[in-house]
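A.B. asks: how does the following fold in three dimensions:
(one chain, ligands or ions: 1)
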Amino acid sequence: MPEKIRKVGVLTSGGDSPGMNAAIRSVVRTCAYHNIECIGIYRGYQGMIEGDFKDMGPRSVNNIVNKGGTILKSARSLEFKTPEGRKKAHDNLVKAGIDALVVIGGDGTFTGGLVFNNEYDFPIMGIPGTIDNDIFGTSHTLGYDTALNTVVEVIDKIRDTASSHNRLFFVEVMGRDAGHIALNAGIGAGAEEILIPEEDLGLDRLLDSLKKSKASGKSSSIVVIAEGDKIGKNVFELKDYVEANLPEYDVRVSVLGHMQRGGSPSCFDRVLASRLGVKAVESLLEGNSNYMVGLQNDAVILTPLEQAIKGKSEIDRELLRVSDIMST
Ligand code: ATP
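C.D. replies: Residues are numbered from 1 along each chain as shown. Below is the predicted model of the structure:
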C-alpha cells in the first residue's frame, strides 16, 4: 500500500447501468475536492492492460450526471483473468503513477479487483453498478431504481393494450439469478402473478391463479417473469403451456431486453452514485482497501469485497405476500 494516495484511477466494467456516469463524476470531483489527481481508465480492465488512460479534472465530467451508459465505456476482459494480463495492467498503473483504484461494476468486477489486490497489494474500492440488484451488502445497486421505473413505465403501456383486447400478457424482465426487478416492478405495475428465480410458484398454481382471476371478472392480466424464473420454462414455452391448458386465454409475450439497462438515471440513482463516489474515494484516503461501498438503512457503509462477492442478496419475502394479496 502506498503511504499516501495521490492519484486515483476509476473504471467501469461488466454490464453498464444507469448511474455509472454519475458515480464517475462523483469520484472525479471528490478527488479534486481533496486535491488529488484522478485518471479515467477506458474499457474496464482491458483498458488497464492497454494503458488507455485519461486525466480527469472536475470539468471533464460536466453534463454527465443525467446520462445513461458510461463515458469510460465498459468491457469484459479475458486477458485480465491471466497473471500476464494483470502484470501488464499493474505496469501501466505504476507508469502512470496511479496508486489506488475505484472499480464500478458487478461481482465479476469485484473478483477481478480482489485478485489484483492479492497479487500486487493495490488499494481497491468497489462501487456496485448493475441493474439486477444482486449484490450482497447494499440494498440498492446503481441502475436498479432506474430499471424498475423503466419496467413499470413499459408495463403501464402494455396494460393499455391488454385491457383493450382482453388479453393476458407475459412480460419477461431481466434477472437471471435474482428476482428483485420482477418482484418490485411487478407489484408497482399491478401484475397478477410474478415468477422469480428464488421461488417455485409451480405451474398448477399459475393456472389456478389465472383461472380465478378470469372467474372474478378480470378481463386482462399481466404476468411478470424474471429471465431465470424457477419454473424453468422460457417465456414462450410458458405461453404455449398456458394456452394449451386455458384455451379461454389469448396470451401475448413481451420480452423487454436491453431497454431495461439504458436511459437517464432516476434521481435516486444519481444521489446514490454521488454518495457512493464520495465514500469510495474518502475511504481509500483513510487507508481502507478491498471494500465495496453500499447503502444499508439509508447509510453509506463498507462491506468487505469478499463478502460482497460471496454473499447472496435476498429478496424481501414480505413482498411475495403483498403481491399475493394485491392480485386478489
Ligand atoms: P455484470 O453483473 O453486469 O455481469 P460483472 O462485473 O459481474 O457485471 P463480469 O463480466 O463478470 O461482469 O466481470 C467483469 C470483468 O472482471 C471481467 O471481464 C474480467 O475482466 C474481470 N474478472 C471477472 N472475474 C475475474 C477473475 N476471477 N479474475 C480476474 N478478473 C476477473
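A.B. asks: in stretch 216-228, which residues are buried?
C.D. replies: Buried residues in stretch 216-228, counting neighbours by 16 or more other Cβ atoms under 10 Å, are found at 220, 221, 222, 223, 224, 225, 226, 227, 228. Glycine gets a C-beta too; all of them are placed from N, C-alpha and C.
A.B. asks: test my guess that the third one contacts residue 187.
C.D. replies: When you say that, I think you mean residue 222. No. Judged on Cβ atoms under 8 Å, residue 222 makes no contact with residue 187 at a distance of 11.5 Å.
A.B. asks: rewinding a little: of the buried residues of stretch 216-228, closest to residue 56?
C.D. replies: residue 227 (35.3 Å; Cβ to Cβ).
A.B. asks: what residues are up against that closest one?
C.D. replies: By Cβ atoms under 8 Å, 6 or more residues apart in numbering, the contact set of residue 227 is 172, 173, 174, 175, 176.
A.B. asks: could you spell out the sheet neighbours of the strand or helix carrying the first one, each with its direction?
C.D. replies: With elements taken from DSSP states H and E, the one containing residue 172 is strand 168-173. With DSSP bridges as the criterion, the sheet partners recorded for strand 168-173 are strand 221-226 (parallel), strand 251-255 (parallel).
A.B. asks: for the shortest one, list every residue counted as buried.
C.D. replies: Okay, so that is strand 251-255. Buried, per 16+ other Cβ under 10 Å, within strand 251-255: 251, 253, 254.
A.B. asks: okay, helices next: where are they in the stretch 201-328 of the chain?
C.D. replies: Applying DSSP state H, counting those that start in this stretch to the stretch 201-328 of the chain gives helices spanning 203-215, 235-245, 267-285, 305-310, 317-326.
A.B. asks: any chance of CSV for those, columns mean pLDDT and distance to residue 91?
C.D. replies: What follows is the helices of the stretch 201-328 of the chain, written out as CSV (pLDDT from 0 to 100; distance: least, Cβ to Cβ, whole Å):
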stretch, mean pLDDT, distance to residue 91
helix 203-215, 85, 56
helix 235-245, 91, 47
helix 267-285, 98, 21
helix 305-310, 97, 23
helix 317-326, 92, 48
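A.B. asks: what angle do the helix or strand bottoming out on mean pLDDT in the chain and strand 168-173 make?
C.D. replies: Across the helices and strands of the chain, mean pLDDT, DSSP states H and E gives its lowest value to helix 203-215, namely a mean of 85. Here the directions of helix 203-215 and strand 168-173 differ by 130 degrees (axes from the mean of the first three to the mean of the last three Cα atoms, to 10 degrees).
A.B. asks: can you lay out the buried residues of strand 251-255 as JSON lines showing pLDDT and distance to residue 100?
C.D. replies: Shown next, in JSON lines, are the buried residues of strand 251-255 (pLDDT from 0 to 100; distance: Cβ to Cβ, whole Å):
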{"residue": "251", "pLDDT": "91", "distance to residue 100": "53"}
{"residue": "253", "pLDDT": "95", "distance to residue 100": "47"}
{"residue": "254", "pLDDT": "95", "distance to residue 100": "44"}
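A.B. asks: which of those come close to the ligand?
C.D. replies: Among these, no residue sits close to the ligand (Cβ under 6 Å from any ligand atom).
A.B. asks: among these, which one lies nearest to the ligand?
C.D. replies: residue 254 (22.6 Å; Cβ to the nearest ligand atom).
A.B. asks: specify the beta-bridge partners of the closest one.
C.D. replies: Beta-bridge pairing for residue 254 (DSSP bridges): residue 171.
A.B. asks: tell me the domain ranges of this structure?
C.D. replies: Domain ranges of the chain: 7-143+265-310, 144-261, per automatic domain parsing.
A.B. asks: show me which residues of this protein sit near the ligand.
C.D. replies: 13-15, 45, 76-77, 80-81, 105-109, 111-112, 115, 130.
A.B. asks: can you say which of those are buried?
C.D. replies: Listed as buried from these are 13-15, 45, 76-77, 80, 105-109, 111-112, 130; burial here means 16+ other Cβ under 10 Å.
A.B. asks: might one say that residue 179 is in contact with residue 201?
C.D. replies: No. Contact criterion Cβ under 8 Å: residue 179 and residue 201 do not qualify, at 10.8 Å.
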